[in-house]
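K.L.:
for reference, the sequence and a predicted model appear below.
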Amino acid sequence: MNLLRRHPIAIALVALLLVTAFNPLPPLVDAVTGSAPGDVELERPALYTVLAPLSDTLDALTFFSLERARWALAVWALGLAAWGALRPGRVRRRVSLALAGPIGIVLLAGATVLLPRPVPRLVAADSGATIIDYHAHTDASHDGRSGWTWARLAAWHARQGFEASYVTDHNVIFNLRITDPIRLLPGVEWSVYRQHVVALGPVRPIARDSFGTSTPGCCGSSGSWSARARWESPRSRSTGAITSRIWTPS
């Protein structure tokens, strides 16, 4: 009972975690049907499962923009420093606690960026199917990880079970012919009038300023973007069974 009184929130979270284990969500969801796909599985290494709480926390922090990450780190560091300084005890103890919080935040930020984490692997039941990533960035994008070259991108995807990936950097067309360890496919992510338009397949450079006046002008209702979409089977260019939607500017 003493433990329950001292840590009610932690014990409540553990209880909720155990309850959800009786009806867990599927690790993979079909985007069309909303149900678990029957032809793809997710292999999870034991180390991935053990470190999942820490990995999930660190991965969530990577979704912050750089500005939000700075503010979050500053607020948490100042808050923990103030909490430590206001704790009862001698001056040395309070100073130590005041420094421990910001140091922990700095270490957490470093771990978010630098710490390697085990990843699950996609496995298709159909040996003839190809698992493709339709959206991936290298360090050529402003929000890409420093040093994340196309070679490291390809190696990372190969470890996770992907056999091909479109490289869709921000406003930088990828047109290299890479086939090892996986095939990297051409693409780009255009930034036009508060929109991010992902173009897959061979694309031509565009004058982005001409698409920066309005959302209709960007999305095609005024004719700035062609409403035509060309569907291709990757079997004609690779080994997959998944089609690609390729937008081309008019």
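P.N.:
Looks like it came in fine.
K.L.:
let me see the contact set for the residue lying farthest from the centre of the chain.
P.N.:
For the chain, the residue at maximal distance from the C-alpha centroid (Cα atoms, centre = their mean) is residue 90, at 44.8 Å. Under the criterion of Cβ atoms under 8 Å, 6 or more residues apart in numbering, residue 90 has no neighbours. Backbone N, C-alpha and C define where each C-beta goes, glycine included.
K.L.:
repeat that for the one 5 residues further on.
P.N.:
Contact analysis of residue 95 by Cβ under 8 Å, 6+ apart lists residue 85.
K.L.:
next one: phi and psi at it?
P.N.:
phi -70, psi -40 (degrees, to the nearest 10).
K.L.:
also the one 4 residues further on?
P.N.:
Per-residue torsions, residue 99: phi -80, psi -30 (degrees, to the nearest 10).
K.L.:
how much space between the residue farthest from the centre of the chain and residue 102?
P.N.:
20 Å (Cβ to Cβ, to the nearest Å).
K.L.:
just residue 172 next, same as before
P.N.:
Distance of residue 172 to residue 102, computed by Cβ to Cβ: 37 Å.
K.L.:
same question for the helix or strand hosting residue 100: list its buried residues.
P.N.:
Assigned by DSSP states H and E, residue 100 falls within helix 91-114. For helix 91-114, a neighbour-count test (16 or more other Cβ atoms under 10 Å) marks 97, 98, 101, 102, 105, 109, 112 as buried.
K.L.:
likewise stretch 145-156?
P.N.:
By 16+ other Cβ under 10 Å, the buried positions in stretch 145-156 come out as 148, 150, 153, 154, 156.
K.L.:
off-centre distance for stretch 160-176?
P.N.:
Taking Cα atoms, centre = their mean, to the nearest Å, one finds stretch 160-176 lying 14 Å from the centre of the chain it belongs to.
K.L.:
what's the end-to-end length of it?
P.N.:
End-to-end distance of stretch 160-176 (Cα to Cα, to the nearest Å): 22 Å.
K.L.:
need the contact list for residue 55.
P.N.:
48, 117, 118.
K.L.:
can you tell me the helix or strand for it?
P.N.:
Assigned by DSSP H and E, residue 55 falls in helix 52-61.
K.L.:
how about that helix: buried residues?
P.N.:
55, 58, 61.
K.L.:
immediately after that helix, which helix or strand?
P.N.:
Sequence-wise, the next helix or strand downstream of helix 52-61 (DSSP H and E) is helix 66-85.
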